[in-house]
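Asks: I would like to see how this sequence folds:
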Amino acid sequence: MPQVITINGQNIGLGQQVLIRLNISRLPSGTVIDIPVHVFRAPEDGPVLLLMAGMHGDEVNGIETVRRMLRRKMLRPARGTIIAIPVLNIYGFLNFSREVPDGKDVNRSFPGSEGGSLASRVAHKFVREILPWVDYGIDFHTGGASRANYPQVRCLLSNPVAAQMAYAFAAPFVINANLRPKSLRKEASKYGKNIIVFEGGESLRFDEAGIQEGINGTIRVLAFLQIQKSNVSPGKLPKVCQRTSWVRAKVAGLFRSQIALGDYIQKSQVIGSIADPYGQMSVSLKAPKAGYVIGLNRMPVVNQGDALLHLGLL
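Replies: Residues are numbered from 1 along each chain as shown. Just a heads-up that it's a prediction; the model follows:
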């Protein structure tokens, strides 16, 4: 890493701590939209770790995770650099939305374009200003559309560096997840940069257990990368799921779950029921496969085909 890195035209040398406001655009009202970027550089050179949340504006659990670490002054590198972005998608955050106002997903818009859609412009700004300096990253997410995720790290296990980071994080589950087209992980991989995804909780809700898992895991990764020392326990060896599978509603109605996040369920085990709202019908639901419940629908009203639970398969 160079002695000086430059973000948004501002030079940051070793030993400096700065807050940069990365300008994106303006609202129709004329209000300027800036992305706050915290940069912490140790006096000694070393790797650069990105901590980023709010790629989807309604995923407040990750935002709170990064915010707490900033507020509690937990990000103080003894070596290398930490770049912390609590909210990337300011538009979605303001509108309680996963997407930006044009309806597009920032995490399906990389590498972006300076003259493209709004989501594409946000992605482009990140790729141009932040990504070149990053060696490693943790991207914080939660479940979407009223689905809660049990704390888990997603990475490509065939990538040995990403796998080592995932094991060091020590969330309850590690999920082998392919690189999706136009995602941040896919774009970063083109340049040999290793980013893992932490998932915990659901959109627009705080999940205290998930927040604490996120904080503890981050501190463990910082120690693994020898950026700063850890003051948390090493954590248990995570359960590794090589594949995942969705269980979907066969009929519409009111979904009542009989299982909980993190449970191991057997094939043909009753997982809940779907009833009509008039008291005339109730259908029992059985698990089509054995696996761990890594995601669970929290919305009682479901349509045919809606995702009810996400199974992690060994």
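Asks: what sits against the spatially closest residue to Tyr292 that is not a sequence neighbour?
Replies: Closest residue to Tyr292 apart from its sequence neighbours, by CB to CB, 6 or more residues apart in numbering: Gly312 at 4.3 Å. For the C-beta atoms, the positions are set from N, CA and C on the backbone; glycine is no exception. Listed by CB atoms under 8 Å, 6 or more residues apart in numbering, the contact set of Gly312 reads Gln152, Phe173, Ile175, Lys239, Cys241, Thr244, Gly291, Tyr292, Val293, Ile294.
Asks: Which of the three states applies to Gly312?
Replies: strand (DSSP: H, G, I helix; E, B strand; the rest coil).
Asks: That one pairs with what?
Replies: In this entry, Gly312 is beta-bridged to Thr244, Tyr292, by DSSP bridges.
Asks: Please, where are all the strands along the stretch 1-150 of the chain?
Replies: 4-7, 10-13, 17-26, 32-41, 48-52, 81-85, 136-143, 147-155 (DSSP state E, counting those that start in this stretch).
Asks: Quick one, which of the ones you listed gets closest to Gly115.
Replies: Nearest to Gly115, of all the strands of the stretch 1-150 of the chain, is strand 17-26, at 12.3 Å by CB to CB.
Asks: Show me what the closest one is in contact with.
Replies: So strand 17-26 is contacted by 7-8, 10, 12, 32-41, 90, 118, 121-122, 125, 129-130 (CB under 8 Å, 6+ apart).
Asks: one more time with 10 Å
Replies: Outside strand 17-26, the residues within contact range by CB atoms under 10 Å, 6 or more residues apart in numbering are 7-12, 31-42, 70, 75-77, 82-85, 88-91, 100, 118, 121-122, 124-126, 129-130.
Asks: Which of the three states applies to the residue lying farthest from the centre of the chain?
Replies: Distance from the C-alpha centroid of the chain, by CA atoms, centre = their mean, peaks at Gln280 (41.1 Å). Recorded secondary structure, Gln280: coil (three-state DSSP).
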